[in-house]
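S.K.: Have a look; sequence and predicted model below, questions after that.
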Number of protein chains: 2
Amino acid sequence: MVVYAGQGDARRSMDLMWGHRGQDSRTAPGPKPALSVEAIVHAAIGVADDDGMGGLSMRAVGQRLGRTAMALYTYVPTKGDLVDLMYDRVLGELPTHYDVGFGWRGTVTSWAEDRLEFHLRHPWTLQVSQARPVLGPNEFAALETVAEILHRTDLGPRQLRGILGVVLHFVRGQAQTIAEAREAAMATGVSDEEWWYARSPLLAEVAPDFARRFPMAVRMEEEKPGPGEGEVYMESAISESFAVGLEVILDGIDATIAKAGRG
Amino acid sequence: MVVYAGQGDARRSMDLMWGHRGQDSRTAPGPKPALSVEAIVHAAIGVADDDGMGGLSMRAVGQRLGRTAMALYTYVPTKGDLVDLMYDRVLGELPTHYDVGFGWRGTVTSWAEDRLEFHLRHPWTLQVSQARPVLGPNEFAALETVAEILHRTDLGPRQLRGILGVVLHFVRGQAQTIAEAREAAMATGVSDEEWWYARSPLLAEVAPDFARRFPMAVRMEEEKPGPGEGEVYMESAISESFAVGLEVILDGIDATIAKAGRG
DNA sequence: AGAGTCTCTTTATGGTGTAAAGTGATGCCT
DNA sequence: AGGCATCACTTTACACCATAAAGAGACTCT
């Protein structure tokens, strides 16, 4: 379930996103609006946080506000626009300033951890398409923040864009793996361990020559960590791979800086 | 639209995936089956390639075979299982062997390019959840292939898993950005340029102090490449960022090897 | 008082996956 | 040969989805 940006009136979308309330026509006839875009976005975020993007329906949001689904269309042109507003709203939770006193490595690490936690707090954000960015104030603020951190490396915009892509895709991918595992567990009522223990013997049965056919794959599974404090089994492996992967990326940035300095 | 693995009977799913046709009971009463799992999977891949994951419905697949949607349920337990089978089927298109004569850097680059093209050929594969892997033969073969390439770096399984995560998430993320842009263009009939040129002036209008508020974001946009031969405007920027990002990752792997050698 | 305008509801349309029941063809057994 | 169990496949039905269109009622202006 990937959601696309508002395909309707570009002006209306932009006005909504940047909080342009339109004319101050407070003496308009008709009943006073009991709802507001703010309230709807807030309720919708609640629904999405609780039930995921799959549970986000206009009916569900309306119900949370004691209204019908159609009532929302007075405030918001389409569901797509609503999702855009939700996305930019929660992006506001991200820190916009980092203490760079400890160098860019530590700062990037902090940023990546914050961003990972953010996506896990609002897993549905991983389903918002990145192709046509939402163009909201908090989206730009988030971009500004990470750009500022990376700027300390003194690299040019070309390198910066490449590095940003690596870091962002890595964090999103890692978050997606964890989030999907959690959602699958919720939806099916089967934990990762149960799921795996149901399939593992079947795999051995159906592919008895597994170890011979896929020796590297078997090797890859070696030395996996056990679950840490309060951690789910599979997530401990992911958090290890997050730390290792981030270290690799940071080393890559270091090498890029060194090359740029020489060049 | 993220699709989860078959939540039904694990044994049936596995048998389907590994081609266990069950008993040879060819003298069963009733009409001969005119369809087959193979044919259904093939037709479904055709639908998904043409119309994306959003266009993949049991009705659409049935229609392509001159049947109703329900006819498919004779062969396949749920839509989720069908998607798993589709996924493992197309994974078979990936090369399973690479000439490592030119060193692991070139090999990883070739692999990444092949994988990117694969995802762009079948964009719906990006919507298949990675949390609970499909556990099909081609999935393992694909894992085996990349594991074998990375094995040349002489790193341990811990590092290998981290690096694999970085590379895979990067390629998938990059592919997703391109694929979503294409799908959005198809779905809305508005090209990326048209979309941007409709919003760019509105952004200036709605946020007149943009350059002051987001100086780094502006800087980040500098020195963007124009479209190359037969390339779409936005995709040229992405393919540049793919090359740069991959280089950063390869440098990071190099540094990791160097550290492991010292340690 | 009447008209116009607004919020919100009701109803309807065409889509989804799939459960349940029905149809008709086929091959085995008596 | 007749009966019947078994199969592939269709029909119908249900509970959802986004949203278009029209209606109900409240409010402020003239």
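M.R.: Cool, got the structure. Residues are numbered from 1 along each chain as shown, chains lettered A, B, ... in the order given.
S.K.: Would you mind listing what in the stretch 101-250 of chain A touches DNA strand C?
M.R.: Not one residue of the stretch 101-250 of chain A sits near DNA strand C, judged by CB under 7 Å from any atom of the strand. C-beta here means a position set from N, CA and C on the backbone, and glycine is covered the same way.
S.K.: And for A:Gly252, the neighbour number?
M.R.: A:Gly252 has 26 neighbours, counted by other CB atoms under 10 Å in any protein chain shown.
S.K.: Help me see whether the top helix by length along chain A makes contact with chain B, please.
M.R.: Secondary structure assigned by DSSP state H gives helix A:157-188 as the longest helix of chain A. Yes - interface with chain B: helix A:157-188 contributes A:157-166, A:168-170, A:172-174, A:176-181, A:183-184, A:187-188 (CB under 8 Å from any CB of the partner chain).
S.K.: what does stretch A:93-108 give?
M.R.: No - counting by CB under 8 Å from any CB, chain B is not contacted by stretch A:93-108; separation bottoms out at 11.0 Å.
S.K.: got the CA coordinates for that stretch in PDB?
M.R.: Output in PDB follows, covering the C-alpha atoms of stretch A:93-108 (Å, rounded to 0.1, in the frame of the first residue of the first chain):
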ATOM      1  CA  GLU A  93       8.700  15.400  15.800                       C
ATOM      2  CA  LEU A  94      12.300  15.000  14.400                       C
ATOM      3  CA  PRO A  95      15.000  17.100  16.100                       C
ATOM      4  CA  THR A  96      16.100  20.000  13.900                       C
ATOM      5  CA  HIS A  97      19.400  20.700  15.600                       C
ATOM      6  CA  TYR A  98      22.300  18.500  16.600                       C
ATOM      7  CA  ASP A  99      25.300  19.300  18.700                       C
ATOM      8  CA  VAL A 100      28.200  18.800  16.300                       C
ATOM      9  CA  GLY A 101      30.800  19.100  19.100                       C
ATOM     10  CA  PHE A 102      31.700  15.400  18.800                       C
ATOM     11  CA  GLY A 103      32.300  15.500  15.100                       C
ATOM     12  CA  TRP A 104      30.200  14.500  12.200                       C
ATOM     13  CA  ARG A 105      30.400  10.700  12.800                       C
ATOM     14  CA  GLY A 106      28.700  10.900  16.100                       C
ATOM     15  CA  THR A 107      26.200  13.400  14.800                       C
ATOM     16  CA  VAL A 108      25.300  11.200  11.800                       C
END
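S.K.: which residues are in contact with it?
M.R.: Contacts to stretch A:93-108, defined as CB atoms under 8 Å, 6 or more residues apart in numbering or on different chains, come from residues A:110-111, A:114-115, A:118, A:121, A:138, A:141-142, A:144-145, A:149-150, A:152-153, A:167, A:246, A:250, A:253-254.
S.K.: what about burial for those residues, which qualify?
M.R.: The neighbour-count test (16 or more other CB atoms under 10 Å in any protein chain shown) marks A:110-111, A:114-115, A:118, A:138, A:141-142, A:144-145, A:149-150, A:153, A:167, A:246, A:250, A:253-254 as buried among those.
S.K.: got the contact list for A:His119?
M.R.: Neighbours of A:His119 in contact, by CB under 8 Å, 6+ apart: A:125-126, A:171-172, A:175-176, A:179.
S.K.: Make a markdown table out of those and add neighbour count, distance to B:Arg199 and pLDDT.
M.R.: Listed next are the contacts of A:His119 as a markdown table, based on neighbours: other CB atoms under 10 Å in any protein chain shown; distance: CB to CB, whole Å; pLDDT from 0 to 100:
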| residue | neighbour count | distance to B:Arg199 | pLDDT |
| --- | --- | --- | --- |
| A:Thr125 | 20 | 21 | 97 |
| A:Leu126 | 20 | 23 | 96 |
| A:Val171 | 24 | 26 | 98 |
| A:Arg172 | 21 | 23 | 97 |
| A:Ala175 | 24 | 27 | 96 |
| A:Gln176 | 22 | 27 | 94 |
| A:Ala179 | 23 | 29 | 92 |
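S.K.: Alright, calling it a day.
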